[in-house]
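S.K.: Return atomic coordinates for the entry below.
(chains A, B, C and D)
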2 protein chains.
Amino acid sequence: MNITLDDIARRAGVSRSTASRVLNNHPHVNPAVRERVWQAIRDTNYQPNHPARSLASRRSQVIGIVIPQPINALFADPYFPLLIEGIAQICNERQFSIMLELATTTTTDGNPYRLIGQRGFLDGAIVASAVEDEFLLQWLTRETIPVVVVGRITSHTSIPYVDVDNRYGAQKMIEHLLEQGYRRIATITGPMNIVAGRDRFAGYCDALTAAGLPVVHELVIEGNFSEQSGYNAMRTLLQCDPLPDAVFAASDMMALGALKAARAAGLDVPTDLALTGFDDIPLAAAMTPPLTTVRQPIGELGQSAARLLLDWISSAATQPAVQQVVLPTELIVRDSCTRSW
Amino acid sequence: MNITLDDIARRAGVSRSTASRVLNNHPHVNPAVRERVWQAIRDTNYQPNHPARSLASRRSQVIGIVIPQPINALFADPYFPLLIEGIAQICNERQFSIMLELATTTTTDGNPYRLIGQRGFLDGAIVASAVEDEFLLQWLTRETIPVVVVGRITSHTSIPYVDVDNRYGAQKMIEHLLEQGYRRIATITGPMNIVAGRDRFAGYCDALTAAGLPVVHELVIEGNFSEQSGYNAMRTLLQCDPLPDAVFAASDMMALGALKAARAAGLDVPTDLALTGFDDIPLAAAMTPPLTTVRQPIGELGQSAARLLLDWISSAATQPAVQQVVLPTELIVRDSCTRSW
DNA sequence: AGCGTAGTTGGAAGCGTTCCCAGTCAGTGG
DNA sequence: CCACTGACTGGGAACGCTTCCAACTACGCT
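M.R.: Predicted coordinates:
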């Protein structure tokens, strides 16, 4: 029914082998023959059959993006879209396609990763999560295809990863607040079972320690990156006496929640309280007041991950040439931590 | 190197055919044999080879999501993520995988759709855009696999689509403003080359006409859904005399731009001017004041598209059973159009 | 003339499945 | 006791491509 390579070969008066060589740009084909084959391809609007190619060549030119988080939390902020966008740019350049594996439903055996089990389907995969998930790690260690993780994984040092420098980004943020004269700086941290949460908190501690200030227990509240958790954390902080003069939320969404809670309590930001976030989601600039935050180069993160993975795949080596990539963050100062006096 | 179905068959003491039958849940297999084969599969941790399966069965269990827009505009709002999420839910349920085709770079021949040309790769595709793009439409009409479009396409009535009722949603919004007592209602429309833009404007006209009010030319400004265009449009509207008492922006981002422009001109929303949007992006609720808007069931839209497509695929018919699905929208009333008197 | 060599080509063996087609065997009704 | 059925099973031909290997050609060198 469909046109096959045999049809092309016949039309061009060559063998299937030669037609295949032309299609794959192999050397050692007579230019005249090459042109004849291309002509036949054009005439017939021939499209190679993908499964047949992958089966024979043991390569699929497809990578997977695996997103293990429960999906409803997935797109609360534009992190994943931007990441995917970065990955897609590199993949498009290099003629790779992308499979999306959103681990929503758990299958009967409890393993949410279905697609990635199929042999020959993927040439490699990017895991977009720093959550240390049992099934995921199990799979990672067992898998035979190249896998790159976005976000540091502390428990498996042999797995290549790309990440942003969460720790130093948080540190710079606190340093900025200290420079502004704030001294009683609270933080609403991310979840401590996520490396990014731990790293950002570590940066907070670094800066305070370097300035000779103590990390005060009551000024540290754990959140989970969500707006609601920011709101709750702020309500807790409001019971401190004296109140903190600045609050560093480890995500912009938590900062938003915190802002609402502070406002509900009659406090003005930044007059009564400085507030800062992390991520620089679009909403951060649109908030009233615009939020000081830390920008992550999410697109570049995706690009780096894709480059690392694709280079690895084409090198056919056991280990990638580069094991880790850590990208810098950028402090974005806006009005939410402007001292008025 | 990898375990094949032959290995399983040998291990279970049956033929490859029988092993295949067990794997695919075919009837007419002795229960004892069936169990022996499953045992072998479990013992060896066997995973079927995807390309071989697709090649032999002429089915890939993969659908494509095609997003033709230039990618930088892609994730400005959470539309696509939510849509993909909806699609993914249905695909996961039915054991389908998703390929993401982000038409970023145009290839040398100008055709940005590369992946979807590969024979045997996809069982079907969802095109997530109402932009009427030359290459896309060309491809749509030539393609042999089932394709569903998200967003109405007016030029090819034979192509199945799912869409939200933009027109009626806009109409209800204007009706609400009329009920509130507003009479001089301006609108910042979407781009008129996009069906959603035209439909929302049509709804605006419907409501005014039904109320016996004229559509005043100077109160209609065309935008392009972006914040900047909303800002510019508002500046134009501010030159009207008398000023409009309400502005309906056809997207929340444009409403945000309009809000900034109004504020810059010293107007308060909603005291001096009512302002409403469309989309109900998360930012809408977080704005000051919270924005009255129209919510689209984007997740359901994705689900409907996926259901339509997968049903079509499994029916193996030329046309899907359902040709079109139109989902209702919901008016979300917040403070931005609350009359204070 | 003989020979190696490099460029070019075709033949054919896979790649790992699915699925059609016979074939076996036990059970059933005449 | 003999077809006849129907559940079950195995053999083998696809599916459409890549790639190894051998062969053929023309060429220039000794």
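S.K.: So which residues on the stretch 1-150 of chain A come close to DNA strand C?
M.R.: A:13-18, A:21, A:27-31, A:33, A:52, A:55-56, A:119-120 (CB under 7 Å from any atom of the strand). In short, each C-beta sits where N, CA and C put it, glycine included.
S.K.: Could you report the neighbour count for the residue of the stretch 51-200 of chain A found nearest DNA strand C?
M.R.: Closest to DNA strand C within the stretch 51-200 of chain A is residue A:56: 3.7 Å, counting by CB to the nearest atom of the strand. The local packing of residue A:56 (other CB atoms under 10 Å in any protein chain shown) involves 11 other residues.
S.K.: Show me what whichever helix or strand it is part of is packed against.
M.R.: According to DSSP states H and E, residue A:56 maps onto helix A:50-57. Applying 3 or more CB pairs under 8 Å, 6 or more residues apart in numbering or on different chains; DSSP states H and E, one finds that helix A:50-57 contacts helix B:50-57.
S.K.: Residues contacting the following helix or strand past the helix holding residue A:56, please?
M.R.: Sequence-wise, the next helix or strand downstream of helix A:50-57 (DSSP H and E) is strand A:62-67. Applying CB atoms under 8 Å, 6 or more residues apart in numbering or on different chains, the contact partners of strand A:62-67 are A:74, A:80, A:84, A:87, A:91, A:96-103, A:113, A:115-116, A:121-129, A:136, A:306, A:309-310, A:313, B:99-100.
S.K.: how about residue A:229, what does it touch?
M.R.: A:188, A:223, A:254, A:257 are the contacts of residue A:229 under CB under 8 Å, 6+ apart.
S.K.: what angle separates the helix ranked longest in chain A from strand A:62-67?
M.R.: Scanning chain A for the longest helix, with DSSP state H as the assignment, gives helix A:298-315. Using axes from the mean of the first three to the mean of the last three CA atoms, to 10 degrees, the direction of helix A:298-315 lies 140 degrees away from that of strand A:62-67.
S.K.: what's the average pLDDT for the helix holding residue A:56?
M.R.: Helix A:50-57 carries an average pLDDT of 95.
S.K.: Now do that helix against strand A:62-67, angle only.
M.R.: 110 degrees.
S.K.: and helix A:50-57, anywhere near DNA strand D?
M.R.: Yes: in terms of CB under 7 Å from any atom of the strand, part of helix A:50-57 sits within range of DNA strand D, namely A:52, A:53, A:55, A:56, A:57.
S.K.: Show me the two of the residues you listed that sit farthest apart.
M.R.: Greatest spacing in these, by CB to CB: A:52 and A:57 (9.3 Å).
S.K.: Which stretches in the stretch 101-250 of chain A count as helices?
M.R.: A:134-142, A:166-179, A:195-210, A:227-237 (DSSP state H, counting those that start in this stretch).
S.K.: need the ones you listed in a markdown table with mean pLDDT, can you?
M.R.: Shown next, in a markdown table, are the helices of the stretch 101-250 of chain A (pLDDT from 0 to 100):
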| stretch | mean pLDDT |
| --- | --- |
| helix A:134-142 | 69 |
| helix A:166-179 | 97 |
| helix A:195-210 | 96 |
| helix A:227-237 | 95 |
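S.K.: could those go into JSON lines alongside distance to residue B:284?
M.R.: Listed next are the helices of the stretch 101-250 of chain A as JSON lines, based on distance: least, CB to CB, whole Å:
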{"stretch": "helix A:134-142", "distance to residue B:284": "34"}
{"stretch": "helix A:166-179", "distance to residue B:284": "28"}
{"stretch": "helix A:195-210", "distance to residue B:284": "28"}
{"stretch": "helix A:227-237", "distance to residue B:284": "14"}
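S.K.: Low-confidence bits of the stretch 1-150 of chain A, can you list those?
M.R.: Scanning the stretch 1-150 of chain A with the threshold set as pLDDT under 70 gives A:1, A:69-77, A:104-117, A:130-135, A:137.
S.K.: Show me where it has its strands.
M.R.: A:62-67, A:97-102, A:124-127, A:147-150 (DSSP state E, counting those that start in this stretch).
S.K.: can I get those in CSV with mean neighbour count?
M.R.: As requested, these are arranged in CSV below (neighbours: other CB atoms under 10 Å in any protein chain shown):
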stretch, mean neighbour count
strand A:62-67, 25
strand A:97-102, 22
strand A:124-127, 25
strand A:147-150, 26
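S.K.: In TSV, list those along with distance to residue A:161.
M.R.: TSV is the format used below for these (distance: least, CB to CB, whole Å):
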stretch	distance to residue A:161
strand A:62-67	13
strand A:97-102	18
strand A:124-127	9
strand A:147-150	4
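S.K.: Tell me which of these sits nearest to residue B:207.
M.R.: That would be strand A:97-102 among those, by CB to CB, at 38.8 Å.
S.K.: still on that earlier bit, between residue A:52 and residue A:57, which has more neighbouring residues?
M.R.: For residue A:52 and residue A:57, the more surrounded residue by other CB under 10 Å is residue A:52, and the numbers stand at 17 against 12.
S.K.: Settle this for me: that one is touching residue B:55, isn't it.
M.R.: Yes: the criterion here is CB atoms under 8 Å, and residue A:52 meets it with residue B:55 at 5.2 Å.
S.K.: Quick check: neighbours shared by those two?
M.R.: With CB under 8 Å, 6+ apart, residue A:52 and residue B:55 have common neighbours residue B:120.
S.K.: near DNA strand D, which residues of chain A show up?
M.R.: A:1-2, A:4-6, A:16-17, A:20-21, A:23-24, A:48-49, A:52-53, A:55-57.
S.K.: List only buried entries from these.
M.R.: When these are checked for burial by 16 or more other CB atoms under 10 Å in any protein chain shown, the buried set is A:4, A:5, A:20, A:21, A:23, A:48, A:49, A:52, A:53, A:55.
S.K.: residue contacts, the second one?
M.R.: The contact partners of residue A:5, taken as CB under 8 Å, 6+ apart, are A:16, A:19, A:20, A:23, A:46, A:48.
S.K.: ditto for the first one
M.R.: Residues near residue A:4 by CB under 8 Å, 6+ apart: residue A:49.
S.K.: let's see 10 Å
M.R.: Applying CB atoms under 10 Å, 6 or more residues apart in numbering or on different chains to residue A:4 gives the contacts A:10, A:16, A:19, A:44, A:46, A:48, A:49, A:52, B:119.
S.K.: Could you report the neighbour count for the fourth one?
M.R.: Under the neighbour criterion other CB under 10 Å, residue A:44 is assigned a count of 13.
S.K.: repeat for the first one
M.R.: Residue neighbour count, defined by other CB under 10 Å, stands at 14 for residue A:10.
S.K.: quick one: it from residue A:56, how far?
M.R.: Residue A:10 sits 19 Å away from residue A:56, taking CB to CB, to the nearest Å as the criterion.
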